[in-house]
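Visitor: Below is the sequence, then the predicted model.
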Amino acid sequence: MNIKPIRTEKDYEIAIKRLEKIFDASPDSKEGDEAEILSILIDSYENQHYPIEAPDPIEAIKIRMEEMNIKQKDLVGIIGGKSRVSEVLNRKKKLTVDMIRGIEKTLNLSASVLVHNYKLRIKT
């Protein structure tokens with residue numbers, strides 16, 4: 001086992017290739033230990049060099065709706081009336097605290113995701 005920190009893109013590629021070779025190793029073997037350590041190093045490098053931005057609140061809602069097979073009409077009463085749901089999902093109105101509470105409970109989305117600022121569509 002010759003493990004070292006991943007500092008460059010070349011180091012990263014080498015680590016990925018090695019992990020691919022030993023990925024299915026038994027957890028209680030030398031290669032299993034190596035795979036676990038490489039996974040941690042690769043994850044750290046990716047988080048530092050390829051961060052994934054969280055979706056804005058409206059995108060998060062839409063993603064969760066799709067995952068849960070929920071339609072826009074299913075949010076009536078949670079966000080407000082039919083027109084209010086449409087306005088929020090089309091970025092014409094901002095989420096309120098009461099809406100965020102309802103969405104958090106119904107869609108199991110963290111309020112910390114829903115409170116982020118996002119741009120409204122400009123009326124033309």
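Guide: Yep, it's here.
Visitor: what does the helix or strand hosting G102 contact?
Guide: Applying DSSP states H and E as the criterion places G102 in helix 97-107. With contact meaning Cβ atoms under 8 Å, 6 or more residues apart in numbering, helix 97-107 is reached by 61, 64-65, 68, 70, 75, 78-80, 88, 95, 109-111, 114-115. For every residue, glycine as well, the C-beta is placed using N, CA and C.
Visitor: List only buried entries from these.
Guide: For those, a burial check counting by 16 or more other Cβ atoms under 10 Å picks out 61, 64-65, 70, 75, 78-80, 88, 95, 109, 114.
Visitor: for the lowest-mean-pLDDT helix or strand in the chain, packing partners?
Guide: Using mean pLDDT, DSSP states H and E, helix 111-114 stands out as the lowest-scoring helix or strand of the chain, at a mean of 92. Under the contact definition 3 or more Cβ pairs under 8 Å, 6 or more residues apart in numbering; DSSP states H and E, helix 111-114 sits against helix 57-67, helix 97-107.
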